[in-house]
Each structure stands twice: as structure tokens, then as C-alpha cells.
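Student: Return a 3D structure for these sequence lines:
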Amino acid sequence: MGILFRFVVSWMLDWFDIVPMIQLISLASLGFDLKVDFIFLLVQKNEAKKARS
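Tutor: Have a look, this model is predicted:
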């Protein structure tokens, strides 16, 4: 009983550690994608300005 209980508790704690990590990783990758898109847009804007002048 005690070993099984300990196993379940440690598994649940591991799961609670893993879930926020997955959320953090997906948030970080989303933020990175947005940053890359933003930089890409800025570069395109600058190129367009150079082409016009």
C-alpha cells in the first residue's frame, strides 16, 4: 500500500512538473515566432523605404 501510494504521488508530482514545462515551451516558441515575424516585417519595411528613395 505504502509503495504504491508513494509511486502515485511521485508520478502526480512529476506530471505537474511536466505540464507547466510544456506550456512554457509552447509559449516560448510562440513568442519566438512572433519576434521573428516582427523582425522580418521591419526588414521588409526598411527595404521598401530604400527602394522608394
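
Student: Reduced to three states, what does the residue positioned nearest the centre of the chain come out as?
Tutor: With distances taken as C-alpha atoms, centre = their mean, the chain has A28 as the residue nearest its mean C-alpha position (2.5 Å). Counting by DSSP: H, G, I helix; E, B strand; the rest coil, the backbone at A28 sits in helix.

Student: and the gap between it and F16?
Tutor: Distance from A28 to F16, counting by C-beta to C-beta, to the nearest Å: 19 Å. (C-beta placed from N, C-alpha, C; glycine too.)

Student: Kindly report the same for S53.
Tutor: On the measure of C-beta to C-beta, S53 and F16 end up 56 Å apart.

Student: Compare those two and say which is more crowded by neighbours.
Tutor: Per other C-beta atoms under 10 Å, whichever of S53 and F16 has more neighbours is F16, with 10 against 5.

Student: Could you name the specific helix or strand carrying the more buried one?
Tutor: helix 2-52 (DSSP states H and E).

Student: counting contacts, what elements does that helix pack onto?
Tutor: Helix 2-52 is packed against no helix or strand, with contacts defined by 3 or more C-beta pairs under 8 Å, 6 or more residues apart in numbering; DSSP states H and E.
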